[in-house]
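# pasting the structure only:
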Ligand code: MSP
């Protein structure tokens, strides 16, 4: 049987500021999925990167007094450094200024043109530079600015400006029926369900043709045959997923990884990914991605992160304060994937002390240090299963099933809930059998209890790897698990009795809030 393949992407970030916790969250969640699939026997391609063209970047570069390319070259570095700090296992970090991408976007344009879907016209309407999005009048909301004047804002609450210019248009209106048919025939295309409902209603309400080029600035990919125009930045940006599908780096439209299995994006950009993107692909005669998952927004203590509120947190600093795996664990455990979630220093300390120090760390430390102290660090032999072993086995059987069901359904938080159920069952087994007391009365039984506990710990740590790759690798070293016995195929392969274990060292110390 051939190895199943899985192509997963994040949205590509605008590098017009420093990366924030929202970027970190999306990268972590997508990395967890990519690592899960690799451990589960898939050949995975994982794409992430930066979205570097368009008016927003052009304006930011001007404000910084730099040429746009020099500006983005400097601004991309912190995004790449953040990915390294977060241990994001991407296969390619694409920049939309990469040469293979330009060639691909122009080829895509030509396919859409050949299909008769592009025509020259004149755009007169609203545009939000912050969202890089066109809005119909009816979508706008009115608000008061600081001076008490009534202003129009986009549905995302960003300023809009009246824009009039010659533009190429894409016949989006012609795709309404096909989009609705797609949503209805492939209900998993938009997840979770709440986003599906919203997008279906939006498309059912009717679609106008979409302006897909600009002439008032030049920072973008030129329209083939009409170089006064640069392409609309979202057409350029969405096509990154096709560019990244060609692992040879040639920028061919026939990339061997296409179609993507999963685009992970934030809820604010679901429309671009589930309306414009499939319509562009249909127009070009290309296959459609299988799923677009719109995750929620991360809030700082329940509030939107914004420069004006002064609550923008540097994720790199969070990594240095808490450690990468505590941050990864917290965000996946505490935020229901798909919904908005909140973080604070207190919550991170509390959650990770409970789950990691008291839960997994305690389990590993207590059993490993008893093996070191009482058995010379030699892996003991399992005994015949009695009642408490059977109970433990049942809890692990059910917990493992629940873990896989949740992870395959992208319910990362429920995967961790299942894992914590197993941690609690194993800690209960250890407490009930009190091996520290057996050390004085029945060493043979003590050894059996330790063997069962260590194997339960091994299973837990194997399953925790997508969430905390570094800490789990250190724990698996201590548990004597060979490097080639760490994927999910090895779940039922215990460490051989008699193996010499290295001296244990705590992996999850308790932490406190610094004053
Ligand atoms: N460049 C576009 C995406 C193009 S994809 C072809 C963009 N960039 S962004 O930098 O604004 O956002 C990048 C991703 O981060 C998006 O998926 C966005 O939804 C997500 N998030 C931005 N702020 C966020 C939070 N506060 N919380 C969680 N995710 C957030 O949009």
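Sure thing, it's come through. Every value quoted in this text rests on a predicted model; they were computed, and no experiment measured them. Residues are numbered from 1 along each chain as shown.
# contacts and neighbour counts: CA atoms only from here.
OK.
# what pLDDT does whichever residue of the chain sits closest to the ligand get?
The chain approaches the ligand most closely through residue 266 (3.0 Å), counting by CA to the nearest ligand atom. Looking at residue 266, its pLDDT stands at 98.
# ok, now residue 515?
At residue 515, the pLDDT value in this model is 44.
# cool, residue 171 as well?
Residue 171 is assigned 98 on the pLDDT scale.
# could you do residue 1 as well?
The model reports residue 1 with a pLDDT of 69.
# related to what we said a few turns ago, contacts only, for the residue of the chain closest to the ligand.
Counting by CA atoms under 8 Å, 6 or more residues apart in numbering, residue 266 touches 11, 26, 294-297.
# could you list the low-pLDDT ranges of this protein?
Per-residue confidence for the chain (pLDDT under 70) gives these ranges: 1, 307-308, 515.
# would you map out the domains in it?
5-295, 352-490 (automatic domain parsing).
# chain center to the longest one: distance?
Read that as domain 5-295. Relative to the mean C-alpha coordinate of its chain, domain 5-295 is positioned 16 Å out (CA atoms, centre = their mean, to the nearest Å).
# tell me how many other residues crowd residue 514.
Around residue 514 there are 6 other residues, counting by other CA atoms under 10 Å.
# residue contacts, it?
For residue 514, counting by CA under 8 Å, 6+ apart, there are no contacting residues.
# would you say it is within a strand?
No - counting by DSSP: H, G, I helix; E, B strand; the rest coil, residue 514 is not part of a strand but coil.
# got the contact list for the residue of the chain most remote from its centre?
No residue in the chain sits farther from the centre than residue 441, which is 50.6 Å out by CA atoms, centre = their mean. The contact partners of residue 441, taken as CA under 8 Å, 6+ apart, number zero.
# how about the helices of the stretch 301-450 of the chain, start to end?
In the stretch 301-450 of the chain, helices defined by DSSP state H, counting those that start in this stretch lie at 315-322, 324-334, 345-352, 362-375, 387-408, 412-433, 435-441, 443-464, listed in chain order.
# and the residue of the chain closest to the ligand, bridged to which residues?
residue 295 (DSSP bridges).
# count the neighbours of residue 213 for me.
Residue 213: 26 surrounding residues under other CA under 10 Å.
# switch the helices of the stretch 301-450 of the chain over to a markdown table; also include distance to residue 71.
Output for the helices of the stretch 301-450 of the chain, formatted as a markdown table (distance: least, CA to CA, whole Å):
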| stretch | distance to residue 71 |
| --- | --- |
| helix 315-322 | 21 |
| helix 324-334 | 29 |
| helix 345-352 | 33 |
| helix 362-375 | 48 |
| helix 387-408 | 39 |
| helix 412-433 | 36 |
| helix 435-441 | 62 |
| helix 443-464 | 39 |
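# looking at those, which is closest to residue 510?
Shortest separation from residue 510 across the helices of the stretch 301-450 of the chain is recorded for helix 345-352, at 8.2 Å, computed as CA to CA.
# the inter-axis angle of that closest one versus helix 315-322?
If you take axes from the mean of the first three to the mean of the last three CA atoms, to 10 degrees, helix 345-352 sits at 50 degrees to helix 315-322.
# quick one: helix 345-352 to chain centroid distance?
Per CA atoms, centre = their mean, the centroid offset for helix 345-352 relative to its chain is 21 Å.
# so where do the strands sit in the stretch 51-200 of the chain?
With DSSP state E, counting those that start in this stretch as the criterion, the stretch 51-200 of the chain has strands at 92-95, 118-128, 133-135, 141-144, 150-153, 161-170, 190-191.
# dump the domains of the chain to TSV, plus distance to residue 509.
Formatted as TSV, these follow (distance: least, CA to CA, whole Å):
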stretch	distance to residue 509
domain 5-295	20
domain 352-490	6
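# for the stretch 101-250 of the chain, what lies in contact range of the ligand?
Applying CA under 6 Å from any ligand atom, we find that the stretch 101-250 of the chain lies next to the ligand at 237-238.
# residues from the protein in reach of the ligand?
Residues of the chain lying near the ligand (CA under 6 Å from any ligand atom): 11-14, 22-23, 26, 51, 237-238, 265-269, 296-298.
# quick one, which of those residues are buried?
11-14, 22-23, 26, 51, 237-238, 265-267, 296-298 (16 or more other CA atoms under 10 Å).
# between those, which is closest to residue 378?
For those, the closest approach to residue 378 (CA to CA) belongs to residue 26, at 41.8 Å.
# who touches that closest one in this structure?
Residue 26 touches 10, 264-266, 295, counting by CA under 8 Å, 6+ apart.
# all strands for the stretch 201-350 of the chain, in order.
For the stretch 201-350 of the chain, the strands defined by DSSP E, counting those that start in this stretch cover 210-211, 213-214, 222-223, 226-231, 262-266, 291-295, 298-300, 341-343.
# redo those strands as a markdown table? Include distance to residue 106.
Output for the strands of the stretch 201-350 of the chain, formatted as a markdown table (distance: least, CA to CA, whole Å):
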| stretch | distance to residue 106 |
| --- | --- |
| strand 210-211 | 16 |
| strand 213-214 | 12 |
| strand 222-223 | 7 |
| strand 226-231 | 9 |
| strand 262-266 | 22 |
| strand 291-295 | 24 |
| strand 298-300 | 35 |
| strand 341-343 | 39 |
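# among the residues of the chain next to the ligand, which lie within helices?
Using DSSP state H, the subset of the residues of the chain next to the ligand located in helices is 22-23, 26, 237-238.
# of those residues, just say which sits nearest to residue 486.
residue 26 (25.4 Å).
# any idea how far the closest one is from residue 267?
Distance, residue 26 to residue 267, by CA to CA, to the nearest Å: 11 Å.
# could you do residue 143 as well?
Distance, residue 143 to residue 267, using CA to CA: 23 Å.
# check residue 502 too.
46 Å.
# how about residue 259?
Relative to residue 267, residue 259 is positioned 21 Å away (CA to CA).
# also residue 149?
30 Å.
# with residue 57 instead?
22 Å.
# go on, residue 453?
From residue 453 over to residue 267 the distance is 42 Å, taken as CA to CA.
# try residue 472
From residue 472 over to residue 267 the distance is 31 Å, taken as CA to CA.
# now do residue 340
Taken as CA to CA, the span from residue 340 to residue 267 is 9 Å.
# which residues do those two both contact?
Here residue 340 and residue 267 have 295-297 as joint contacts, going by CA under 8 Å, 6+ apart.
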